[in-house]
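Participant: need coordinates for the following:
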Amino acid sequence: MEYNWEGKNILVVDDTKMNFVLLKTQLRKTNANISWLENGQEAIDYVQNGNEPDVILMDVRMPVVDGIEASRRIKEIKPEIPIIIQTASVMGDAYEEIAQSKCDDTIFKPIDAIKLREIIAKQFNK
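Facilitator: Predicted coordinates:
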């Protein structure tokens with residue numbers, strides 16, 4: 001399915017540049033503006049400074065502030081910003097942490113491009 005998200009801002013929060021490059025490539029044909037921050041604290045600061053991305057793709061394991069804590073804190077500031085957790089952790093405590101993060105959805109690594117676009121579209125259509 002083709003998506004035209006021109007004018008939409010997608011924020012990728014991930015400490016690994018290669019993950020950002022991969023996500024940007026997977027979303028290239030959507031025409032969305034895609035930005036990158038390297039840790040959860042940068043994402044919290046970004047939102048506190050009045051920036052409102054249309055969706056945040058948040059990695060779980062990052063230095064400074066992890067994605068779980070960053071998601072909780074961003075939701076306290078701007079609960080209407082959709083946050084999609086991206087993680088390779090699918091079992092045990094990690095699953096419980098994700099459930100408590102107040103995120104809007106989850107996508108598991110390795111990320112399938114079609115599934116990624118479907119999950120983002122679902123958030124845009126709420």
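
Participant: return the helix or strand in the protein with minimum mean pLDDT.
Facilitator: helix 92-99 (a mean of 69; mean pLDDT, DSSP states H and E).

Participant: could you point out which element follows it?
Facilitator: strand 105-108 (DSSP states H and E).

Participant: for that following strand, buried residues please.
Facilitator: 106, 107 (16 or more other C-beta atoms under 10 Å). (C-beta placed from N, C-alpha, C; glycine too.)

Participant: and the residue nearest the centre of the chain, how far from residue 64?
Facilitator: With distances taken as C-alpha atoms, centre = their mean, the residue of the chain nearest its centroid is residue 57 (1.0 Å). Separation of residue 57 from residue 64 (C-beta to C-beta, to the nearest Å) stands at 18 Å.

Participant: what do you get for residue 114?
Facilitator: Using C-beta to C-beta, we find residue 114 at a distance of 32 Å from residue 64.

Participant: more crowded one of these two?
Facilitator: Using other C-beta atoms under 10 Å as the criterion, residue 114 and residue 64 rank with residue 64 on top: 13 against 10.

Participant: on the three-state scheme, that one is what?
Facilitator: coil (DSSP: H, G, I helix; E, B strand; the rest coil).

Participant: could you verify my assumption that it touches residue 40?
Facilitator: Yes. At 6.4 Å, residue 64 counts as touching residue 40 under the criterion of C-beta atoms under 8 Å.

Participant: residue 97: what's its closest spatial neighbour, skipping adjacent residues?
Facilitator: residue 68 (5.0 Å; C-beta to C-beta, 6 or more residues apart in numbering).
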